[in-house]
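Enquirer: I need the structure of the sequence given here:
(chains A, B and C)
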Amino acid sequence: MTILDFKNVSIDFPTSKGVVHAVTDISLSVPEGRRIGFIGESGSGKTTTALAAMRMLAKPGFVSQGEIHLNSLGKTDILNLTDEEMRRVRLRKISYIPQGAMNSLNPVMRIENQIWDGIIAHEGAVTDVELKRRSDVALNGVGLDPEIVGPLYPHELSGGMKQRVCIAIGVCLDPDLIIADEPTSALDVITQRHVMQTLRDVQAKIGAGLILIGHDMGLMAQSVDDIAVLKKGELVEFGPVRQIIETPQHPYTQELISSVPLVGGESFLDPAPATPAEGFKTEDGTPLLELRNVTKRYGSVTALHPMSFTLDGEVPKIISIVGQSGSGKSTMGSLMLGFNAPTEGEVLFKGRDINRQSPDEALTFRKEVQAVFQDPYACFNPFYRVNHTLKFPFERFGLSKGADHTTEAMEEACRAVGLAPETVLGRYPHQLSGGQRQRLIVARALMLSPKLLIADEPVSMVDASLRATILKNIHDLKDRHGISIIYITHDLATAYHVSDYVMVLYKGHVVEAGPPHDVIGDPQHTYTQLLISSIPWPDLDRDWGSPDDARSALEGLSELEGQQEAILRGTIPGFKLA
Amino acid sequence: MGRIPASYLMNRLSTLVLTVLIAATLIWIIPRLSGLDPASAALGRMAAGGGSVANADEILAQLRSTFGLDQPLIVQYLLYIKNTLTFDFGLSTASFPTPVATMIGNALPWTLGLMMISLIITFFIGNLLGALMVWEHTPKLWKAVIPAAMVFTSIPPILSGLLLMYVFSTQLRWFPLSGPYGLNVEPGWTLEFFSSVLYHGFLPAMSIVVVTFGFWALGMRGLMITVQGEDYTTLAKAKGLRPRYILYRYMIRNAILPQITAFALKIGLLVAGQVLVERIFAYPGMGKLLYDAILTQDYPVIQGVSFVIILMTALAVFLVDLVYPFIDPRIRHGG
Amino acid sequence: MADQNAAAPETAAPDVSGLTKAQIKRMKRFDNPWRNPKLIWGVGLLLSIVALGILGRIFWDTEMVFTGSGLPRQAPVGIENMRGQMGSWAHPLGTDVTGKDILALLIVGAPNSLYVGVLASLIGMSIGIFLGFSAGFIGGRVDDVIRVGSDVMITIPPLLILVVFQAAYGDISLTIMAMLIACFVWQSPTRLIRAQVLSMRESGYVQMARLSGASTGHIMFREMLPNLVPYLFGSFIANVTTSIVTAVGLEVLGLGPQRVPTLGRVIYDAINSGALIQNLWWWWGIPTILLAVMFIGLLLINLGLDEVSNPRLRRL
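Expert: The predicted model follows:
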């Protein structure tokens, strides 16, 4: 028996340039108790389709044709309900777990009140005792202690806890269907595993259907029964999860699956050229980059404990710094760029302390050390055409031999990262996609031919299918242009493929370091092991474990506090961690 | 739980003290910068203004002792600060020898009453209308009418006061032209007195309300649009809550917070506007006192009134700051 | 919500059929925020006041601002005054009790009020830009002092300090008055710019500029300032309003410049001479309406600018 049926649904968005068909002719059914995954990239219509079932499309979008049936309502089309009838469907029949875990709860209302108001809105007068009992059950169900969490305000909870509260709200009225819109996109892997398992657990308990919206094939493989693949508003493939993952039919699905880098899987990189590019050499053997007991404290919080290493740069290397949010990895990035001065110790570039340079030296340092940042949307000044971002440093560093030369260099750099110059240059940033922008930033780095590149989460905000391409571009900088790279990431799988050496950071300490095949392929430290086991594998035979596993893993993490001895797993020439 | 963090309290308290000290100092320094002996300067202006200087010597002596003019500057300053903080502003030169503090004491209740009523009404009406401009369930007619009302919102209250007075007092004669209550009404705790006060206070209050509610409405509109896009509003809708409940408990409840901060920042300008309205309606508050003092060049009164109004403003800001943590849990529980 | 709107156009080629011309026109306006009717109307109203000042000086005798330029208490043209005299074209907007020509007063007075507002706001903005950037960039103690200073000064009503000042000094010129008012309108731009600079400092494009070896000056003026423009404009217009309100307030209290005609001064004279009771409505009413037009113009500009800097305020 099905709970919800989409019948030939199309959704349109009128814009100034005409009507955009966000969703075209989708038909799909959600059977009782079954979990359906909607997978696709941004703009694929996956969220739009699901929101249509809630009748909560963002304006000016509307359903232009088709019907949506909720079977517990009989033969009525959801689209024909009155507003009041629709209101009574929400939460009671179909509940919604939103994407932004951080902002989904009313900041001025206690947690338990936010469960109660939902109950009252659908059941009318309910006694206080009964409300309390119901919210206690709901919070207990997602593993939160109602006595502690109930009276708190949202800002007093962590991201993972807030998202579990949202799940508690979503299931408190035993709905027929739960729609979860990328519920873990703002969370780190360890928390993600816990939240997803909680969701799976409570969903199974109440026997509701589940629509999980996401873009991560691994997460889907671990969480759903069927997968619907959407591309540009069309349903391109639908079937049981095993069939989709093991024998995908549609080329787009195949591409989605093959674009996910796997630890131990096939490399997505081009083979290294026969003669790798020359790196940087000094006569007296001074290393390219050296950190001496670098420590960073913000007030009483230590973001980075003393850290020392040397990178000689003679043969270009990619050094990965891996960690979750709050591990101190981004602090390291900004210390190495000289954006931040260390509290203790010094950062040396070619033997000179980067925080004690003359203006001339500082300019040379800027030219030789470049960066790619996480957010490709923020990196371009919205006031200027994208050329400004490429042209300004090129001229500022005296690399330009005139306007024609600059244009030539820009076009060449664009082609090197696989962009057609005429489609990107001369445009405003908002006219380009995130992937195009991030590739332009890589092109910019290429134009300046620095000695060292700090890449801080360069692909975490880019669609999955483009990640491999951009990492390939970055990897090429090393092989073909002789640039040493510090790759900062939370993603172990990409670090496994691109890097020559990996350092795993936890709360400002290095907990494990060495060549990637040892550290990530065969982790020894508890924390590294936990990180690896929390990755959702797009492999159905490799199970994620139960919610209890996740919970005990989180508890294991809190015991780690005292034990901060780094496990060193071997060395590579040209890089030394002290 | 539920206590205001000490650091927050200290911070606000020091702002209050600093504001009052700076205001007092400015009032002291400004006349001295002109290089004149404030006593004889005041007297000179009185004479020039054609005021009676029959008892000039007495007034001069009084002024000298008030300003402590035989003392060194720093002592004069400290003496002044001490006097000001104890509300001893000396004696009025125009209605000598009435203490300035007494005159202010008589005028203050009228101003406070008018201010509280008009400010509170505008704040509520303005924010509610601003919220309704954004709310998706507001009737279409309302959505068309409210923005039209906004046009008048940038006009200072003194101009609206003039217009209202002309239309409703001199032309239609619906409301009295001036004064706080009817001439034949005996002040006291009687219904007659109160209704007379309300009747007389209506136009002055209205002239502030009609032109200031729009400021709040426009601010609220912007904030509501932001709140409307917040994830918690989306979730509230997805929870199937009643639209009215979402409006009050989710949208307005959050959007009002920056408005309350803005209220504290805007009080100074609103009070100044009201001072002028009092002058038009001859309402016996601080504004009229100030205006009369300007006419008669009564410097001690000008000084005293200015200080007390600034003190009132600073206290109002402080009060708002004190209340704020109770409506925003993020401050109360260290956000 | 915003994400979906942004994501939608990427999906497929839009198809223009099925949209009315009016809809397309509305949407074009959405895309170019500077071409919004509020902004145009607001600028138009202010320009008409400037035009009144310029054309009036060419085509009208501004010497008639002095006492005895005509018969006293004359009503505007075509209207009878209390003594039964008809208004004439000699004084199309009538005269006051001393026989000053109201039209001449408006021609001279209205631009004066605008001048005080614009000058005070310009000075205040300059102080605000300087302090806001200093606080945001230098940080530390400098930031603390500027932040506390603007917090304190923002609660002090400018009118009262100016009253004290004027009472002590007597007559002042328009320019001095503007400068005095400027001392009280730097706080909000300072706070606004400080907040924007603090958030922009961490933004990707400013970091990119630093990576590109940009000087502090380049970052401030080439990278940050262009993006601040709508906010600065908005703050400037709001300050012009505040400054004119303060100036008019001073004038209505009988302070401010004594010898230069200003709209506030005209209203002061009218109230003092009992124009309300004598039903000389043109004397105070016309300057009041002119001021109201000025304020409405400023408000419309501000609303228009709000739509430029906050796309969510635009309506489809």
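Enquirer: number of nearby residues for residue 250?
Expert: Chain wasn't specified; assuming chain A. Using other Cβ atoms under 10 Å in any protein chain shown, A:H250 has 15 neighbouring residues. Every C-beta, even on glycine, is put in place using the N, C-alpha and C of the backbone.
Enquirer: that's the wrong chain, I wanted chain B
Expert: If you count neighbours by other Cβ under 10 Å, B:Y250 ends up with 25.
Enquirer: How about the one 5 residues further on?
Expert: Residue neighbour count, defined by other Cβ under 10 Å, stands at 24 for B:A255.
Enquirer: Excluding chain neighbours, what is closest to it?
Expert: Nearest non-adjacent residue to B:A255, counting by Cβ to Cβ, 6 or more residues apart in numbering or on different chains: B:L223, 3.9 Å away.
Enquirer: Could you check the strand or helix carrying that neighbour and say which residues are buried?
Expert: B:L223 belongs to helix B:191-228 when elements are defined using DSSP states H and E. Neighbour counts over helix B:191-228 (16 or more other Cβ atoms under 10 Å in any protein chain shown) mark B:196-197, B:200-224, B:226-228 as buried.
Enquirer: Can you tell me which residues in the stretch 201-335 of chain B are near chain A?
Expert: B:230-232, B:234-243, B:245, B:249-250, B:253-254, B:257, B:327-330, B:333, B:335 (Cβ under 8 Å from any Cβ of the partner chain).
Enquirer: Just the buried residues of those residues.
Expert: The neighbour-count test (16+ other Cβ under 10 Å) marks B:230-232, B:234-241, B:249-250, B:253-254, B:257, B:328-329, B:333 as buried among these.
Enquirer: Which members of these are positioned in helices?
Expert: B:231-232, B:234-238, B:253-254, B:257, B:329 (DSSP state H).
Enquirer: Low-confidence ranges, chain B, go.
Expert: B:1-3, B:34-56, B:59, B:62-64, B:66-69, B:96, B:183, B:333-335 (pLDDT under 70).
Enquirer: residue ranges of the strands in it, please?
Expert: Here chain B has no strands by DSSP state E.
Enquirer: gap between the most centrally placed residue in it and B:M103?
Expert: When Cα atoms, centre = their mean is applied to chain B, the residue found nearest the centroid is B:V271 (2.5 Å). Taking Cβ to Cβ, to the nearest Å as the measure, B:V271 falls 18 Å from B:M103.
Enquirer: Equivalent analysis for A:K472, please.
Expert: From A:K472 to B:M103 the distance is 83 Å (Cβ to Cβ).
Enquirer: okay, the two: which has more neighbours?
Expert: Using other Cβ under 10 Å as the criterion, A:K472 and B:M103 rank with B:M103 on top: 24 against 16.
Enquirer: surely the more buried one meets B:S92?
Expert: Yes - using Cβ atoms under 8 Å, B:M103 makes contact with B:S92 at a distance of 6.2 Å.
Enquirer: which residues are common contacts for the two?
Expert: Residues touching both B:M103 and B:S92 (Cβ atoms under 8 Å, 6 or more residues apart in numbering or on different chains): B:V301.
Enquirer: do stretch C:130-141 and chain A meet at all?
Expert: No - counting by Cβ under 8 Å from any Cβ, chain A has no neighbours in stretch C:130-141; the shortest distance is 13.1 Å.
Enquirer: Buried residues in that stretch, which are they?
Expert: C:131-137.
Enquirer: need the contact list for the residue nearest to the spatial centre of chain A.
Expert: Centroid-nearest residue in chain A, with Cα atoms, centre = their mean: A:S460, separated by 4.6 Å. Contacts here follow Cβ under 8 Å, 6+ apart; on that basis A:S460 touches A:374, A:489-491.
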